[in-house]
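>>> let's see this in three dimensions:
(one chain, ligands or ions: 2)
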Amino acid sequence: MGRKIISFIQEITESLYWIQGENNATFPYCHTYLYNEDVLIVFDPNCGKNRLKKGLAQLGKTLSDIDFVINSHFHIDHIGTNYLIKKKSAAKFLIHEADRIAVENFDAYVARYGMDRQLEPQWRATLKMLGYKEMTPDQTFNEDELLPGNFQVVHTPGHSPGHSCFLKSQILLSGDIDLTSPWVGNLSSNVADYLNSLKKLKKLKLNMILPSHGVPIFDNIPHALDKFYQRFLDREEKIYNLLPNHPVTLDELTKRLFRSYSKNQQKQLERRQAFFTFHFGKISCLNFLQHLELNGKVKKIILKNEEYWEKIE
Ligand SMILES: [Zn+2]
Ligand SMILES: [Zn+2]
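Ligands and ions are numbered 1, 2, ... in the order given. Below you'll find the model as predicted:
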């Protein structure tokens, strides 16, 4: 009898495996990549606990065999399984220096979301439920560093300050630069940085992009990166065009943005992050406004102690 084929695990190269995240790798799951050669490395282990165990079993391994866990960034849908591996193994945990604080300190993690007093307790409870536990990384890394398995760090801030991709033999593990939709929903996200990161990736001669969400990209990679870059510009233009001819608050502008979505899009958003959706949309809007401000297209004014945004004509 042949080896049982489990459809959610695929061999990418002789030593690199892709475990598809549960629920099509939508929040709170991501795709996980296993590297099994001289060392066993797990990149972003949050594909779902059973899938991770089954994936390891395919290689004749268990959680206790993991040597390194490398995280692309601090978000819970990537780090949520770290604690389980920590409990079961002697694995070393690695993350970029700029995201260290958020995995080490819960308050620092939460602060990056900029939530108000009403929303924050619910978010804290959600994070705990999804597996957040403060943990000091064994090692932090920076741009160009060579990690175990000879993966090269490509620091790609924007989604988060420490967001990093990992490059080996023209294959890029791209984390949340997943070429689906631009997510800049944290106070620590930055549109200008994100765009620069995409420019940086365009300069690499890539054969394959293996993202944490969405699907791997094997063909026409420069075009896929261009398309994604354009999506940022389109989003920004949309937000700019939603600004009326009088100053508006961020709340008002976000409501306008949400009203502009189709019923279908709105439903999809609801499903994804329930009551946090509006908040993430708002912070995302703020990040685009700040980028527009940087480019001299909008300005922030204070009226009666409240922040308003307006176009510069
Ligand atoms: Zn993320
Ligand atoms: Zn993610």
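
>>> can we go C-alpha only for contacts and neighbour counts from here?
OK.

>>> could you list the domains of this protein?
Annotated domains of the chain cover 9-232, 243-311 [automatic domain parsing].

>>> so which of those is the most packed in?
domain 9-232 (a mean of 19; mean count of other CA atoms under 10 Å).

>>> that one: how far from the chain's middle?
The chain centre lies 7 Å from the centre of domain 9-232; the measure is CA atoms, centre = their mean, to the nearest Å.

>>> and that domain, average pLDDT?
Per-region confidence: domain 9-232 scores 97 on mean pLDDT.

>>> Leu289 belongs to a helix, doesn't it?
Yes. Under DSSP: H, G, I helix; E, B strand; the rest coil, Leu289 sits within a helix.

>>> quick one: it from Lys267, how far?
25 Å (CA to CA, to the nearest Å).

>>> same question, Glu307
Distance from Glu307 to Lys267, by CA to CA: 30 Å.

>>> who does the helix or strand containing Val154 touch, helix- and strand-wise?
Secondary structure assigned from DSSP states H and E places Val154 in strand 151-155. When contacts are defined as 3 or more CA pairs under 8 Å, 6 or more residues apart in numbering; DSSP states H and E, strand 151-155 sits against strand 146-147, strand 164-168.

>>> next, give phi and psi for the closest residue to Glu37 other than its chain neighbours.
Nearest non-adjacent residue to Glu37, counting by CA to CA, 6 or more residues apart in numbering: Ser15, 5.8 Å away. Torsion angles at Ser15 (phi, psi; degrees, to the nearest 10) stand at phi -120, psi 0.

>>> for the lengthiest helix in the chain, packing partners?
The longest helix of the chain (DSSP state H) is helix 221-242. Counting contacts by 3+ CA pairs under 8 Å, 6+ apart, helix 221-242 is packed against helix 191-203, helix 250-259, helix 277-294.

>>> the last one vs helix 250-259, what angle?
Angle of helix 277-294 versus helix 250-259, following axes from the mean of the first three to the mean of the last three CA atoms, to 10 degrees, is 110 degrees.
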